[in-house]
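Participant: missing the sequence, but the structure's below:
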């Protein structure tokens, strides 16, 4: 037997309010996730309002569904995640670093540029890698950003080392 129109309208209104609160809560949670992913951002304090409860009429047996429990802590990282994200990233950074070093050595052996240009190219390449790492960090790709920033720091270290030890442009104490 169908419910009377007044009861059906009341149930529809309560469901609409509950749905609107669920959508608001989802937006709040997405904002909190974005705040947690971006470094240095303060975590917003949000307290969700209680969901409305529908009181069924005494003559009906329609129980209120139990609220869905929030998921617990994220699952532990698996070997696949660790290997795929961390180790492959480190291998790629090492490969890029060695590739840049061999290209640089090839240019030096063929006398394509002088000592000042060699150091300037090293510093420019490190600045480019640091900039790319920062951009990746802001897009939420923390693992890849760490790799690019590591590459930039390694290139900068090699450039400063070359400026001090190979070409004596900088004093060792300054370098």
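Facilitator: Thanks, I have the structure now. Note that this is a predicted model, so its numbers are computed, not measured.

Participant: Let me see the contact set for residue 133.
Facilitator: 145-152 (CB atoms under 8 Å, 6 or more residues apart in numbering). Where C-beta positions appear, they are placed from N, C-alpha and C, glycine not excepted.

Participant: from these, which single one is nearest residue 123?
Facilitator: residue 152 (10.2 Å; CB to CB).

Participant: got the buried residues for the host helix or strand of that closest one?
Facilitator: Take DSSP states H and E as the rule and residue 152 turns out to sit in helix 142-161. Residues of helix 142-161 classed as buried: 144-152, 154-156, 158-160 (neighbour count, 16 or more other CB atoms under 10 Å).

Participant: just stretch 98-111 next, same as before
Facilitator: Quick answer for stretch 98-111 (16+ other CB under 10 Å): 100, 104.

Participant: Which neighbouring elements make contact with the helix holding residue 152?
Facilitator: Judged by 3 or more CB pairs under 8 Å, 6 or more residues apart in numbering; DSSP states H and E, the packing partners of helix 142-161 are helix 88-109, helix 115-138.

Participant: Pull the number of nearby residues for residue 173.
Facilitator: By the measure other CB atoms under 10 Å, the count of residues near residue 173 is 6.

Participant: residue contacts, residue 155?
Facilitator: When contacts are counted by CB under 8 Å, 6+ apart, residue 155 touches 97, 100, 122, 125-126, 129.
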